[in-house]
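S.K.: Structure, please.
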Amino acid sequence: MNHFLDIHKTDPADLRAMIDAARGMKDARDGKPKGTRDAEQPLAGHMVALIFEKPSTRTRVSFDVGVRQMGGETLVLSGADMQLGHGETIADTARVLSRYVDLIMIRTFEEQTLLEMAEHATVPVINGLTNRTHPCQIMADVMTYEEHHGPIAGKKVVWSGDGNNVFASFAHAAGQFGFDLTFTGPETLDPERAVLDFAAAKGHPVTIERNPQKAVEGADLVVTDTWVSMHDPQSARERRHNQLRGYQVNDDLMSHARPDALFMHCLPAHRDDEATSAVMDGPHSVIFDEAENRLHAQKAIMRWCLGV
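M.R.: Residues are numbered from 1 along each chain as shown. Predicted coordinates for the structure are as follows:
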């Protein structure tokens, strides 16, 4: 069964096929009204469950719209609706949902919830985000880079900030797509050793450089993410700001990258914290292309999962 649980758990040839399919579907929609359905209706007759234990804007809208454009229907369930693992087990929830729907996308906190859902579901499961990884986002990011600058293989990508779940999927992607990845951030927020080990085992070890100006020298792509989570207490927010202030992506930092370097942020952003508005709205930024491409990348992922 084609679960899409993480980039490092998916064959590189399948990842490449998904990126190519996403670009093809995007090209096919050029010039068409946003509300129209695709000419192909590969999800006609299919029901997709979208489970959100965490609040969401881009993930919810992009998956919902993507299913509808391809002729399918969605069932959106919140954490309050489900209370996963509280009362009914995750395993039993997976078994029951599999009797009703053809595909499950889940955005949750603990990776174990995702894994248990996939273990017991008899339909494909997609990782919409966990505290550990965010693979759908990075598929959109790879797509976005390539539609602007061609193949990402061999390019230099620099992550500035916190070694969080989005970075983890970037490290997985470095190994699978063959690009060079540099992490610049404080030692206290270093990424997990396991994600670094994966990239290294694939022949693309992640470089760690504490000096952000040095890190971005020659960068083809500079990426950051929010410094704080919506669930972080105020004390944690203040600590993170103190640790990360020197890693803000601003005009000075971008001046050390290649002249044609791109800037990405998966959004939502705290403007003028992790990145300045001048960068986010400037000539390097492709953040709204990146946001749009969540739709196209996820459509390709869903088609791959269902084999349609």
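S.K.: Hmm, residue 102 and residue 46 touching each other?
M.R.: Yes. Residue 46 lies in contact with residue 102 (Cβ atoms under 8 Å); the separation is 4.4 Å. To be clear about C-beta, it is placed using only N, CA and C from the backbone, and glycine gets the same treatment.
S.K.: so what sits against both of those two?
M.R.: 72, 306 (Cβ atoms under 8 Å, 6 or more residues apart in numbering).
S.K.: any weak-confidence spans in the stretch 1-150 of the chain?
M.R.: Scanning the stretch 1-150 of the chain with the threshold set as pLDDT under 70 gives 85.
S.K.: try 50
M.R.: Low-confidence segments of the stretch 1-150 of the chain (pLDDT under 50): none present.
S.K.: didn't residue 44 look like it was pressed against residue 72?
M.R.: Yes. Contact criterion Cβ under 8 Å: residue 44 and residue 72 qualify, at 6.8 Å.
S.K.: So between these two, which is more surrounded?
M.R.: More crowded of residue 44 and residue 72, by other Cβ atoms under 10 Å: residue 72, with 21 against 12.
S.K.: residues near the residue nearest to that one when sequence neighbours are not counted, how many?
M.R.: The shortest distance from residue 72 to any non-neighbouring residue, by Cβ to Cβ, 6 or more residues apart in numbering, is to residue 43 (3.1 Å). As a burial measure, residue 43 scores 26 neighbours (other Cβ under 10 Å).
S.K.: pretty sure residue 43 is in a helix, no?
M.R.: No. Assigned with DSSP: H, G, I helix; E, B strand; the rest coil, residue 43 falls outside any helix and is coil.
S.K.: Residue 140 versus that one, what's the distance?
M.R.: Plainly put, residue 43 is 19 Å away from residue 140 if you go by Cβ to Cβ, to the nearest Å.
S.K.: Over to residue 126?
M.R.: 13 Å.
S.K.: who touches both of these two?
M.R.: The overlap between the contact sets of residue 126 and residue 140 (Cβ under 8 Å, 6+ apart) consists of residue 298.
S.K.: how about the helices in this protein?
M.R.: 12-29, 58-69, 79-82, 90-100, 111-120, 135-149, 165-177, 193-201, 212-215, 234-244, 251-254, 277-280, 287-306 (DSSP state H).
S.K.: Quickly compare these and say which is most buried.
M.R.: Counting by mean count of other Cβ atoms under 10 Å, helix 165-177 has the highest mean neighbour count of the helices of the chain, with a mean of 26.
S.K.: does residue 29 really touch residue 38, like I thought?
M.R.: Yes. The pair residue 29 / residue 38 is scored as a contact, 6.9 Å apart, by Cβ under 8 Å.
S.K.: got any residues that touch both of the two?
M.R.: Contacts common to residue 29 and residue 38, judged by Cβ under 8 Å, 6+ apart, are residue 69.
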